[in-house]
Each structure stands twice: as C-alpha cells, then as structure tokens.
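# Sequence first, predicted coordinates after that:
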Amino acid sequence: MTDNSNTYLAVFLGSRTSPQWKAWEALSEADRKAREQQGMAAWHAWVNKHKDAIASMGGPLGKTKRVDNGGITDISNEMGAFTVVRAASHEDAARMFENHPHFAIFPGERVEIMPVLPIPGG
C-alpha cells in the first residue's frame, strides 16, 4: 500500500461561463497570447519553487464521461487540471497555491486542495 500521509490532491477549477473566462475570451488574440506566455512563465516558476513538494505533476484534464447505474454519459464539469503535493499540513498545502497562475493570470477560478486519506481497512 502507498503511504498517503501528508499527501494532498489539488484540483484546478473554473467554468467557461464565468466572468473570468468571458473576460479572457474578450481579449484580442495578441493580448491573449501575451497573457498565455506570462501565465506559463509564472506556472514554470511555481513548479520550480515547489518542485520538492510535488509528488505528481498531474496535468490538464480532458472531456468527462460519467459512469453510473444508467450507463455512460458525456458531461461537463469545472475540473480543468490536477496535481498532487506533499506538505506538513493541509494549511501548508493550501498556502502553496496562493496567487497561483491558474486564477491570477489564466481565467481559472480556484484551486481546491484536499488530503488523500488512507483506504479504510487497507
């Protein structure tokens, strides 16, 4: 079994109907490209700053399929990406994402951080 102590899942969230996304889409192509370059540089700086705490880089998420008793359905949700980090506490993990480029530069809305718990009875 994997030791998940001090491990946190960060989920990057945002909606294409949000005011942030509408403002992003209203930018000229040149302004959007400039913001993308600024955002990627900031993201690389964030990764470099926290490289020792990143347990899994994760990545962007594609289209979603829901599977339930009714079968398989194409759906949309607000999840855009994820990463897994290690930190001494939940608060310390959350602090890593303050002013993250996901919402400080890009049109994302928030990052939600939650502990990865042990499997019950595992």
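Received it, and whenever you're ready, just let me know what you need. Computed from a prediction, not measured in an experiment: that's the story for all the values here. Residues are numbered from 1 along each chain as shown.

# Quick one: low-confidence residue ranges for this structure.
1-2, 122 (pLDDT under 70).

# By residue count, what's the longest helix in it?
Criterion DSSP state H: the longest helix present in the chain is helix 29-50.

# Show the subsequent helix or strand relative to that helix.
Sequence order places strand 54-60 as the next helix or strand after helix 29-50, per DSSP states H and E.

# centre of the chain versus that following strand, how much separation?
9 Å (CA atoms, centre = their mean, to the nearest Å).

# Do a quick rundown of the helices in this protein.
Going by DSSP H, the chain shows helices at 19-26, 29-50, 90-95, 101-104.

# Go through those and name the closest to E112.
helix 90-95 (9.2 Å; CB to CB). Every residue, glycine included, has its C-beta placed from N, CA and C.

# Tell me which of the helices of the chain sits nearest to P115.
helix 90-95 (5.8 Å).

# So which bits of the closest one are buried?
A93, A94 (16 or more other CB atoms under 10 Å).

# returning to that earlier point: I'd like the helices of the chain laid out as JSON lines, including distance to D68.
What follows is the helices of the chain, written out as JSON lines (distance: least, CB to CB, whole Å):
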{"stretch": "helix 19-26", "distance to D68": "28"}
{"stretch": "helix 29-50", "distance to D68": "34"}
{"stretch": "helix 90-95", "distance to D68": "30"}
{"stretch": "helix 101-104", "distance to D68": "29"}
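
# Tell me which residues touch I54, please.
V47, T83, V84, V85, R86 (CB atoms under 8 Å, 6 or more residues apart in numbering).
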